[in-house]
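Novice: prediction below, plus the sequence it came from.
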Amino acid sequence: MNTINITAVTPETVCIHGQTLAREYAETVLLGLLIASEGENHAGIVKVAEAFTGAGLSLEAHPKASRLYAGHVHEKQREKERLEAEARAHAERCREPSRQEIAEYHAEKARRAREIREHGARLRAARGR
């Protein structure tokens, strides 16, 4: 199916491919006809729904189109979030620590080693060695 050209949307009228129609007619009858012409072609139904929602028209008259479009939008959002999370994970994996972070790491390591040595010394002193 070719793209749907929807322009000049007002509260009462809408211009679809240069033909001015009543908005209610476009949202109820024309949407239903376009959805029916797509049959079980979900990609085509989503394209019709995108054109209508992009122009600010309602999909309420056709629940199937509304449901498919909502699922499509949700899937696109999930894919976008997955790609962003993947990009953040790769960026963190490839990140090089700053000099400050390296110094803090070595100081913490030295502190833990000192605590372990002191604990060992206390245990040996308690045993009398």
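Specialist: In hand now; what should we look at?

Novice: against residue 64, how distant is residue 39?
Specialist: 11 Å (Cβ to Cβ, to the nearest Å). Every C-beta, even on glycine, is put in place using the N, C-alpha and C of the backbone.

Novice: neighbour count: these two, which is higher?
Specialist: residue 64 (15 against 9; other Cβ atoms under 10 Å).

Novice: under a three-state scheme, what state does the more buried one occupy?
Specialist: Following DSSP: H, G, I helix; E, B strand; the rest coil, residue 64 is assigned to helix.

Novice: and what of residue 97?
Specialist: Residue 97 is classified as coil under three-state DSSP.

Novice: surely it is in contact with residue 103?
Specialist: No - judged on Cβ atoms under 8 Å, residue 97 makes no contact with residue 103 at a distance of 9.7 Å.

Novice: residue 45 and residue 65 touch, don't they?
Specialist: Yes - using Cβ under 8 Å, residue 45 is in contact with residue 65, at 5.5 Å.

Novice: between those two, what contacts are shared?
Specialist: Shared contacts of residue 45 and residue 65, defined by Cβ atoms under 8 Å, 6 or more residues apart in numbering, are found at residue 35.

Novice: ok, the helix or strand of the chain with the lowest mean pLDDT: who's next to it in the sheet?
Specialist: For the chain, the helix or strand with the lowest mean confidence is strand 6-7, at a mean of 88 (criterion: mean pLDDT, DSSP states H and E). With DSSP bridges as the test, strand 6-7 is paired with strand 13-16 (antiparallel).
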